[in-house]
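K.L.:
what's the 3D shape of this:
(one chain, ligands or ions: 1)
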Amino acid sequence: MDIPVLEVRNIKKTFKKGKYTVTAVDGISFKMMPGEVLGLVGESGSGKSTIAKLITHLQSIDEGQIIFNGEDISHVSRKKMISIYKEMQMVFQDPVGSFDPRMKIGDSIREVLCRLCYSQGKLDKIKVEEVVETLLNQVGLKPEYAERYPYELSGGQCQRAAIARAIAVHPKLLICDEVTSALDVSAQAQIVELLISLGKQLDMAILFISHDLSLVSCICDKVCVLYKGEQVEYRETKKVIRTPDHPYTKKLLSSALYMDKMNV
Ligand SMILES: Nc1ncnc2c1ncn2[C@@H]1O[C@H](COP(=O)(O)OP(=O)(O)OP(=O)(O)O)[C@@H](O)[C@H]1O
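P.N.:
Numbers count the residues shown, from 1 in each chain. Next up, the predicted model:
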């Protein structure tokens with residue numbers, strides 16, 4: 001039987017700034033099975049990005065547990081985390097900023113392949129060029145884009161390249177933090193379709209972080225709604241949309257655009 005790819009158990013994080021304390025994440029729990037798409041929704045400041053940073057160890061947790069592939073990674077070393085990044089990748093809001101501006105797109109993808117795959121003997125060096133081409137093809141970019149610098153791509157193309165780099169290592173979990181926020185509506189739809197199709201093809205779980213409940217409802221199996229660092233809903237998307245429990249979810253729903261397109 002499949003075990004969860006990710007289990008987050010009652011995690012908490014506070015930040016101290018002088019005499020002030022901000023509780024950014026206050027007792028969040030959820031579970032993701034292989035191939036599952038979970039939406040993490042909430043307004044600005046509700047703790048979405050902090051959760052992503054806690055899972056990926058960009059920040060340390062104060063309390064709770066993060067179980068990845070059955071292993072407690074809540075407090076593992078940096079070295080151990082580097083090996084975990086072969087199975088857990090993240091894509092950010094600003095696609096251009098997520099690349100080294102001095103490196104061509106192909107070199108950035110090659111670098112990840114070399115760093116995370118050679119050491120495991122997963123990849124023969126002579127196959128790298130083929131793999132880069134296949135990855136670009138998988139995200140709908142022509143091979144010649146490997147020779148371009150990030151600033152020579154549109155936002156949508158650059159986000160595709162960032163996704164190609166993330167899936168290069170065949171992650172079991174892809175964390176997408178507001179990946180469509182900087183894109184126009186048509187590029188947003190294409191990126192969302194691409195992610196869903198890749199998730200199915202690669203049996204990859206996707207944690208889709210967004211402030212947009214209507215978008216999340218179209219693509220996610222389950223949704224976790226955050227309000228001021230707390231989890232106010234965590235259920236199948238259809239149930240949350242049809243019978244929201246919390247007044248904040250009701251407010252989100254009543255203000256959601258494209259209600260008619262919601263997957264209910
Ligand atoms: N490094 C930090 N130091 C101090 N406070 C922080 C830090 N990171 C986040 N916070 C605070 O924690 C809370 C949650 O922030 P977070 O970035 O997780 O929210 P978010 O839901 O991702 O917001 P947005 O959608 O605007 O990105 C906010 O009040 C924020 O100001």
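K.L.:
give me phi/psi at Ile66?
P.N.:
phi -120, psi 120 (degrees, to the nearest 10).
K.L.:
for the one 10 residues further on, same thing?
P.N.:
Backbone dihedrals for Val76, given as degrees, to the nearest 10, come out at phi -80, psi 160.
K.L.:
I'd say it and Ile84 touch.
P.N.:
Yes - judged on C-beta atoms under 8 Å, Val76 makes contact with Ile84 at a distance of 7.4 Å. In this view, the C-beta of every residue, glycine as well, is placed from N, C-alpha and C.
K.L.:
same drill for these two, tell me which one is more crowded.
P.N.:
Taking neighbours as other C-beta atoms under 10 Å, Val76 and Ile84 compare with Ile84 leading, 18 against 15.
K.L.:
report pLDDT for that one.
P.N.:
Here the pLDDT value assigned to Ile84 is 93.
K.L.:
just checking, what packs against the helix or strand encompassing Arg110?
P.N.:
Under the criterion of DSSP states H and E, Arg110 resides in helix 105-117. Contacts defined by 3 or more C-beta pairs under 8 Å, 6 or more residues apart in numbering; DSSP states H and E place helix 105-117 against helix 128-138, helix 155-167.
K.L.:
can I get these in CSV including mean pLDDT and mean neighbour count?
P.N.:
Listed next are the helices and strands packed on helix 105-117 as CSV, based on pLDDT from 0 to 100; neighbours: other C-beta atoms under 10 Å:
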stretch, mean pLDDT, mean neighbour count
helix 128-138, 90, 17
helix 155-167, 93, 24
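K.L.:
which one of those lies nearest to the ligand?
P.N.:
helix 155-167 (16.9 Å; C-beta to the nearest ligand atom).
K.L.:
helix or strand right after the closest one?
P.N.:
Counting by DSSP H and E, the next helix or strand C-terminal to helix 155-167 is strand 173-177.
K.L.:
what mean pLDDT does that next one get?
P.N.:
pLDDT averaged over strand 173-177 gives 96.
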